[in-house]
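>>> Compute the structure for the input listed below.
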Amino acid sequence: MMLNSPLTLINKDGIACTIDSLAVGSNLKYHTKRCLVEIADSVDNPILAYSGGMDSGYVLRCLTDLKYSGFNIDKIKVYHGRFQNNGVTMAKDSDRAIQYARSLGIELKIVDMELNSKIFEKAAAFGDKHNFTSPIGLVQEIWRQSIDGNVIMSSGIFGENTHSDNPDRYCLTIAIERFCSLVPGSNSIDIFSWDSNIINSTITPTFVYKREINLSPFDMSLHYGNPFSPFSFNTSMPKWIQYITDYPDMMEIFFKFPTFNKSGNNPELIEFIDYHKSKPVEPLYHKVGGKILNEKTASSIIDGMY
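Residues are numbered from 1 along each chain as shown. Model prediction:
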(Lines give C-alpha, C1' and ligand atoms only; values in the text may rest on other atoms or scores of the structure.)
Protein backbone atom coordinates (compact mmCIF):
# COMPACT_ATOMS: atom_id res chain seq x y z
CA MET A 1 0.00 0.00 0.00
CA MET A 2 1.50 3.31 -1.09
CA LEU A 3 0.93 6.60 0.66
CA ASN A 4 1.40 10.07 -0.76
CA SER A 5 3.89 11.21 1.83
CA PRO A 6 7.07 12.53 0.18
CA LEU A 7 10.30 12.74 2.16
CA THR A 8 13.35 14.71 1.13
CA LEU A 9 16.94 14.50 2.32
CA ILE A 10 18.18 18.06 2.12
CA ASN A 11 21.69 19.45 2.17
CA LYS A 12 22.72 23.05 2.76
CA ASP A 13 22.93 23.71 -0.97
CA GLY A 14 19.72 22.08 -2.16
CA ILE A 15 18.15 18.69 -2.67
CA ALA A 16 20.08 15.47 -2.26
CA CYS A 17 17.44 12.78 -2.58
CA THR A 18 13.65 12.63 -2.62
CA ILE A 19 11.54 9.71 -1.48
CA ASP A 20 8.34 10.04 -3.44
CA SER A 21 6.03 7.88 -1.37
CA LEU A 22 5.85 5.79 1.73
CA ALA A 23 4.63 2.21 2.11
CA VAL A 24 4.44 -0.16 5.03
CA GLY A 25 5.36 -3.82 5.20
CA SER A 26 6.73 -4.40 1.70
CA ASN A 27 8.92 -7.37 0.74
CA LEU A 28 12.53 -6.59 1.66
CA LYS A 29 13.95 -9.73 0.05
CA TYR A 30 12.22 -9.03 -3.26
CA HIS A 31 13.28 -5.38 -3.36
CA THR A 32 16.88 -6.12 -2.37
CA LYS A 33 17.19 -8.64 -5.20
CA ARG A 34 15.45 -6.27 -7.60
CA CYS A 35 17.84 -3.46 -6.71
CA LEU A 36 20.87 -5.70 -7.17
CA VAL A 37 19.72 -6.52 -10.70
CA GLU A 38 18.97 -2.87 -11.48
CA ILE A 39 22.34 -1.72 -10.13
CA ALA A 40 24.15 -4.38 -12.15
CA ASP A 41 22.35 -3.14 -15.27
CA SER A 42 22.91 0.55 -14.48
CA VAL A 43 26.58 0.97 -13.55
CA ASP A 44 29.94 -0.29 -14.72
CA ASN A 45 31.90 -2.76 -12.59
CA PRO A 46 29.51 -3.15 -9.63
CA ILE A 47 31.21 -4.49 -6.51
CA LEU A 48 29.45 -5.64 -3.35
CA ALA A 49 31.29 -4.63 -0.18
CA TYR A 50 30.85 -7.52 2.24
CA SER A 51 32.09 -7.13 5.81
CA GLY A 52 30.53 -10.27 7.25
CA GLY A 53 27.99 -8.29 9.24
CA MET A 54 24.27 -8.85 9.07
CA ASP A 55 23.56 -6.01 6.63
CA SER A 56 26.08 -6.89 3.94
CA GLY A 57 25.52 -10.56 4.71
CA TYR A 58 21.84 -10.16 3.88
CA VAL A 59 22.64 -8.47 0.57
CA LEU A 60 25.15 -11.22 -0.22
CA ARG A 61 22.51 -13.82 0.58
CA CYS A 62 20.03 -12.11 -1.75
CA LEU A 63 22.71 -12.07 -4.46
CA THR A 64 23.30 -15.81 -4.18
CA ASP A 65 19.54 -16.36 -4.32
CA LEU A 66 19.38 -14.58 -7.69
CA LYS A 67 21.17 -17.42 -9.45
CA TYR A 68 17.96 -19.45 -9.12
CA SER A 69 16.17 -16.73 -11.10
CA GLY A 70 18.56 -16.98 -14.02
CA PHE A 71 20.59 -13.91 -13.10
CA ASN A 72 24.33 -14.16 -13.68
CA ILE A 73 25.58 -13.30 -10.21
CA ASP A 74 29.13 -12.98 -11.55
CA LYS A 75 28.05 -9.56 -12.86
CA ILE A 76 28.59 -8.33 -9.31
CA LYS A 77 31.98 -8.95 -7.75
CA VAL A 78 32.23 -9.41 -3.99
CA TYR A 79 35.03 -7.74 -2.02
CA HIS A 80 35.84 -8.27 1.65
CA GLY A 81 37.73 -5.39 3.22
CA ARG A 82 40.10 -6.05 6.11
CA PHE A 83 41.51 -3.20 8.18
CA GLN A 84 44.91 -4.03 9.58
CA ASN A 85 47.19 -2.79 12.33
CA ASN A 86 50.82 -3.71 11.64
CA GLY A 87 49.66 -6.46 9.32
CA VAL A 88 47.15 -7.94 11.77
CA THR A 89 43.46 -7.95 10.81
CA MET A 90 41.51 -6.09 13.48
CA ALA A 91 38.02 -7.56 12.95
CA LYS A 92 37.92 -10.79 14.94
CA ASP A 93 35.23 -12.28 12.72
CA SER A 94 36.88 -11.78 9.34
CA ASP A 95 37.72 -15.47 8.86
CA ARG A 96 34.14 -16.38 9.76
CA ALA A 97 32.85 -13.90 7.16
CA ILE A 98 35.04 -15.44 4.45
CA GLN A 99 33.99 -18.97 5.42
CA TYR A 100 30.29 -18.05 5.25
CA ALA A 101 30.63 -16.50 1.79
CA ARG A 102 32.48 -19.53 0.49
CA SER A 103 29.78 -21.82 1.91
CA LEU A 104 27.38 -19.97 -0.40
CA GLY A 105 29.62 -20.59 -3.41
CA ILE A 106 31.07 -17.06 -3.45
CA GLU A 107 34.77 -16.61 -4.11
CA LEU A 108 35.39 -13.12 -2.85
CA LYS A 109 38.36 -10.83 -3.26
CA ILE A 110 40.08 -9.80 -0.05
CA VAL A 111 41.26 -6.18 -0.02
CA ASP A 112 43.46 -5.24 2.94
CA MET A 113 44.03 -1.68 4.13
CA GLU A 114 46.75 -0.87 6.63
CA LEU A 115 45.57 1.76 9.10
CA ASN A 116 48.27 4.41 9.18
CA SER A 117 48.66 8.18 9.33
CA LYS A 118 48.00 8.57 5.59
CA ILE A 119 44.62 6.82 5.86
CA PHE A 120 43.68 8.80 8.96
CA GLU A 121 44.58 12.09 7.26
CA LYS A 122 42.36 11.25 4.26
CA ALA A 123 39.51 10.14 6.51
CA ALA A 124 39.79 13.24 8.71
CA ALA A 125 39.84 15.53 5.67
CA PHE A 126 36.70 13.88 4.29
CA GLY A 127 35.02 14.10 7.68
CA ASP A 128 35.91 17.77 8.16
CA LYS A 129 34.67 18.66 4.67
CA HIS A 130 31.29 16.98 5.12
CA ASN A 131 30.89 17.20 8.91
CA PHE A 132 30.89 13.42 9.31
CA THR A 133 32.02 12.06 12.67
CA SER A 134 31.89 8.24 12.61
CA PRO A 135 35.50 6.92 12.80
CA ILE A 136 34.63 3.55 11.27
CA GLY A 137 32.35 5.10 8.65
CA LEU A 138 35.05 7.52 7.55
CA VAL A 139 37.74 4.87 7.18
CA GLN A 140 35.31 2.60 5.33
CA GLU A 141 34.65 5.46 2.90
CA ILE A 142 38.38 5.82 2.23
CA TRP A 143 38.51 2.07 1.59
CA ARG A 144 35.63 2.37 -0.90
CA GLN A 145 37.36 5.28 -2.65
CA SER A 146 40.40 3.04 -3.15
CA ILE A 147 38.33 0.50 -5.09
CA ASP A 148 38.22 0.71 -8.89
CA GLY A 149 34.50 0.27 -9.43
CA ASN A 150 31.09 1.21 -8.11
CA VAL A 151 30.85 -0.12 -4.58
CA ILE A 152 27.50 -1.40 -3.35
CA MET A 153 27.26 -0.87 0.37
CA SER A 154 24.46 -1.66 2.80
CA SER A 155 24.01 1.10 5.35
CA GLY A 156 21.62 -1.08 7.31
CA ILE A 157 20.26 1.98 9.07
CA PHE A 158 16.54 1.95 8.62
CA GLY A 159 13.90 4.12 10.23
CA GLU A 160 13.34 4.76 13.88
CA ASN A 161 10.43 5.91 15.95
CA THR A 162 10.70 9.54 16.94
CA HIS A 163 8.52 8.91 19.98
CA SER A 164 8.40 5.53 21.65
CA ASP A 165 4.78 6.11 22.67
CA ASN A 166 3.67 7.12 19.17
CA PRO A 167 4.14 4.44 16.50
CA ASP A 168 2.45 6.65 13.91
CA ARG A 169 5.38 9.04 13.67
CA TYR A 170 8.88 8.08 12.68
CA CYS A 171 11.83 9.20 10.66
CA LEU A 172 14.57 7.87 8.44
CA THR A 173 17.84 7.61 10.29
CA ILE A 174 20.55 8.82 7.97
CA ALA A 175 23.86 7.16 8.73
CA ILE A 176 27.23 8.34 7.47
CA GLU A 177 27.29 5.43 5.02
CA ARG A 178 24.08 6.69 3.42
CA PHE A 179 25.49 10.24 3.34
CA CYS A 180 28.63 9.08 1.57
CA SER A 181 26.61 7.70 -1.32
CA LEU A 182 25.04 11.16 -1.78
CA VAL A 183 28.32 13.06 -1.98
CA PRO A 184 28.93 14.28 -5.56
CA GLY A 185 31.44 12.06 -7.37
CA SER A 186 31.08 9.21 -4.90
CA ASN A 187 31.65 5.67 -6.16
CA SER A 188 29.41 4.32 -3.38
CA ILE A 189 25.86 3.05 -3.86
CA ASP A 190 23.75 2.44 -0.78
CA ILE A 191 21.44 -0.37 -1.84
CA PHE A 192 18.97 0.39 0.93
CA SER A 193 18.58 3.90 -0.49
CA TRP A 194 18.37 2.87 -4.17
CA ASP A 195 14.73 3.90 -4.42
CA SER A 196 11.67 4.58 -2.31
CA ASN A 197 10.40 1.01 -2.64
CA ILE A 198 13.34 -0.59 -0.85
CA ILE A 199 13.26 2.10 1.83
CA ASN A 200 9.57 1.37 2.29
CA SER A 201 10.25 -2.36 2.57
CA THR A 202 12.20 -1.83 5.81
CA ILE A 203 9.09 -0.61 7.64
CA THR A 204 7.85 -3.86 9.18
CA PRO A 205 5.36 -4.65 11.96
CA THR A 206 8.28 -5.34 14.31
CA PHE A 207 9.73 -1.94 13.50
CA VAL A 208 6.44 -0.16 14.17
CA TYR A 209 5.29 -2.01 17.27
CA LYS A 210 8.51 -2.76 19.11
CA ARG A 211 9.21 -1.45 22.58
CA GLU A 212 12.76 -0.44 23.31
CA ILE A 213 14.83 -2.54 25.68
CA ASN A 214 14.97 -1.13 29.20
CA LEU A 215 18.70 -0.56 29.51
CA SER A 216 18.75 0.58 33.14
CA PRO A 217 20.38 -2.64 34.47
CA PHE A 218 23.25 -2.51 31.97
CA ASP A 219 26.70 -0.98 32.26
CA MET A 220 27.13 1.76 29.63
CA SER A 221 30.81 0.81 29.26
CA LEU A 222 29.71 -2.43 27.59
CA HIS A 223 28.51 -0.55 24.54
CA TYR A 224 31.52 0.22 22.36
CA GLY A 225 33.23 -2.70 20.70
CA ASN A 226 31.13 -5.40 22.34
CA PRO A 227 29.05 -7.42 19.84
CA PHE A 228 26.87 -8.70 22.68
CA SER A 229 26.01 -5.20 23.86
CA PRO A 230 22.27 -4.73 24.44
CA PHE A 231 22.50 -1.11 23.32
CA SER A 232 22.57 -1.90 19.60
CA PHE A 233 19.55 -4.17 19.85
CA ASN A 234 17.05 -1.31 20.13
CA THR A 235 17.82 -0.07 16.63
CA SER A 236 18.93 -3.33 15.02
CA MET A 237 16.55 -6.02 16.27
CA PRO A 238 13.73 -5.32 13.76
CA LYS A 239 16.05 -5.72 10.78
CA TRP A 240 17.82 -8.73 12.30
CA ILE A 241 14.46 -10.45 12.71
CA GLN A 242 13.66 -9.74 9.05
CA TYR A 243 17.07 -10.97 7.85
CA ILE A 244 16.94 -14.24 9.77
CA THR A 245 13.30 -14.84 8.87
CA ASP A 246 14.25 -14.59 5.19
CA TYR A 247 17.50 -16.55 5.54
CA PRO A 248 17.79 -18.66 8.72
CA ASP A 249 21.35 -19.71 7.80
CA MET A 250 22.44 -16.13 8.54
CA MET A 251 22.47 -17.06 12.23
CA GLU A 252 25.99 -18.28 11.43
CA ILE A 253 27.28 -14.70 11.20
CA PHE A 254 25.19 -13.20 14.00
CA PHE A 255 26.94 -10.81 16.42
CA LYS A 256 29.34 -8.65 14.43
CA PHE A 257 32.58 -7.43 15.92
CA PRO A 258 33.64 -3.85 15.14
CA THR A 259 35.55 -3.32 11.90
CA PHE A 260 38.35 -1.91 14.03
CA ASN A 261 38.81 -0.63 17.57
CA LYS A 262 41.40 0.81 19.95
CA SER A 263 43.26 -2.44 20.41
CA GLY A 264 46.71 -3.06 18.97
CA ASN A 265 48.68 -0.27 20.63
CA ASN A 266 48.32 2.16 17.72
CA PRO A 267 48.36 5.69 19.18
CA GLU A 268 47.35 7.27 15.86
CA LEU A 269 44.29 5.02 15.66
CA ILE A 270 43.32 5.78 19.27
CA GLU A 271 43.68 9.51 18.67
CA PHE A 272 41.61 9.30 15.46
CA ILE A 273 38.78 7.40 17.17
CA ASP A 274 38.72 9.65 20.25
CA TYR A 275 38.75 12.84 18.19
CA HIS A 276 35.86 11.89 15.91
CA LYS A 277 33.74 10.37 18.66
CA SER A 278 34.03 13.62 20.62
CA LYS A 279 33.17 15.93 17.69
CA PRO A 280 29.73 17.54 17.76
CA VAL A 281 27.44 16.02 15.14
CA GLU A 282 26.40 18.63 12.58
CA PRO A 283 25.97 16.64 9.35
CA LEU A 284 25.88 18.33 5.97
CA TYR A 285 22.81 16.28 5.10
CA HIS A 286 20.23 16.78 7.79
CA LYS A 287 18.29 14.00 9.41
CA VAL A 288 14.77 13.74 8.09
CA GLY A 289 12.30 14.89 10.71
CA GLY A 290 9.44 12.86 12.11
CA LYS A 291 6.87 12.19 9.42
CA ILE A 292 3.22 11.40 9.98
CA LEU A 293 1.98 8.55 7.79
CA ASN A 294 -0.69 10.51 5.94
CA GLU A 295 -4.12 10.51 7.61
CA LYS A 296 -3.81 6.82 8.38
CA THR A 297 -1.54 5.57 11.10
CA ALA A 298 1.16 2.99 10.63
CA SER A 299 -0.76 0.81 13.06
CA SER A 300 -4.00 0.80 11.07
CA ILE A 301 -2.19 0.19 7.78
CA ILE A 302 -0.34 -2.84 9.11
CA ASP A 303 -3.46 -4.17 10.83
CA GLY A 304 -5.20 -4.03 7.47
CA MET A 305 -2.42 -5.99 5.77
CA TYR A 306 -2.06 -8.89 8.18
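>>> Any stretches of the stretch 201-306 of the chain with poor pLDDT?
Scanning the stretch 201-306 of the chain for pLDDT under 70 picks out 208, 220-227, 262-264, 279-306.
>>> Run through the strands of it in chain order.
Residue ranges of the strands in the stretch 201-306 of the chain, as given by DSSP state E, counting those that start in this stretch, are 291-292.
>>> separation between residue 55 and residue 192?
8 Å (Cβ to Cβ, to the nearest Å). All C-beta spots, glycine's among them, are computed from the backbone N, C-alpha and C.
>>> any idea how far residue 184 is from the nearest residue to residue 32 once chain neighbours are set aside?
Of all residues not flanking residue 32 in the chain, residue 62 sits nearest, at 4.4 Å (Cβ to Cβ, 6 or more residues apart in numbering). Noted for residue 62: a distance of 28 Å to residue 184, by Cβ to Cβ.
>>> same check, this time on residue 211
40 Å.
>>> Those two: which has the busier surroundings?
residue 211 (9 against 6; other Cβ atoms under 10 Å).
>>> Counting neighbours, go ahead and name the busier of residue 55 and residue 192.
Shown here are residue 55 and residue 192; by other Cβ under 10 Å, residue 192 has more neighbours (26 against 23).
>>> Sheet-wise, list the partners of the longest strand along the chain with their directions.
Across the chain, the longest stretch assigned as strand under DSSP state E is strand 77-85. Sheet pairing here is set by DSSP bridges, and for strand 77-85 it gives strand 46-49 (parallel), strand 88-89 (antiparallel), strand 109-114 (parallel).
>>> on that earlier part again, quick one: pLDDT of the residue nearest to residue 32?
Residue 62 is assigned 97 on the pLDDT scale.
>>> and the gap between it and residue 50?
Note on residue 62: its distance to residue 50, by Cβ to Cβ, is 12 Å.
>>> Residue 147 against residue 111, yeah?
Yes - Residue 147 lies in contact with residue 111 (Cβ atoms under 8 Å); the separation is 7.0 Å.
>>> Mutual contacts of the two, please.
residue 79 (Cβ atoms under 8 Å, 6 or more residues apart in numbering).
>>> out of the two, which sits in the more crowded spot?
Ranked by neighbour count (other Cβ under 10 Å), residue 147 and residue 111 place residue 147 first, with 18 against 14.
>>> Without its sequence neighbours, what residue ends up closest to residue 64?
Sequence neighbours aside, residue 104 is the residue nearest to residue 64 in space, at 4.6 Å (criterion: Cβ to Cβ, 6+ apart).
>>> ok, the one you found touching residue 60?
Yes - if you go by Cβ under 8 Å, residue 104 and residue 60 touch, sitting 7.0 Å apart.
>>> which of those two has more neighbours?
Neighbour comparison, residue 104 and residue 60: the larger count goes to residue 60, with 30 against 17 (by other Cβ under 10 Å).
>>> so how far is residue 76 from the more buried one?
Taken as Cβ to Cβ, the span from residue 60 to residue 76 is 10 Å.
>>> any residues in contact with both of these two?
Common neighbours of residue 60 and residue 76 (Cβ under 8 Å, 6+ apart) are residue 48.
>>> Show me the helices in the stretch 1-150 of the chain, by range?
Along the stretch 1-150 of the chain, counting by DSSP state H, counting those that start in this stretch, helices occupy 28-42, 54-65, 94-103, 117-130, 135-145.
>>> got those as a markdown table, with distance to residue 204 columns?
Formatted as a markdown table, the helices of the stretch 1-150 of the chain follow (distance: least, Cβ to Cβ, whole Å):
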| stretch | distance to residue 204 |
| --- | --- |
| helix 28-42 | 8 |
| helix 54-65 | 14 |
| helix 94-103 | 24 |
| helix 117-130 | 31 |
| helix 135-145 | 25 |
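>>> Which one, of these, ends up nearest to residue 268?
Nearest to residue 268 among these is helix 117-130 (5.5 Å), distances taken as Cβ to Cβ.
>>> what packs against that closest one?
Where contact means 3 or more Cβ pairs under 8 Å, 6 or more residues apart in numbering; DSSP states H and E, helix 117-130 is packed against helix 135-145, helix 267-278.
>>> quick one, which of those helices is nearest to residue 240?
helix 135-145 (19.0 Å).
>>> For the stretch 1-150 of the chain, give me the ranges with low pLDDT.
In the stretch 1-150 of the chain (pLDDT under 70), the answer is 1-26.
>>> if you set the cut-off to 80 instead, what comes out?
1-26, 130-133 (pLDDT under 80).
>>> So which bits of stretch 36-45 are buried?
Under the neighbour-count criterion of 16 or more other Cβ atoms under 10 Å, stretch 36-45 has 36, 39, 40 buried.
>>> The second one contacts residue 190, correct?
It stands for residue 39. No - taking contacts as Cβ under 8 Å, residue 39 lies outside contact range of residue 190: 10.5 Å.
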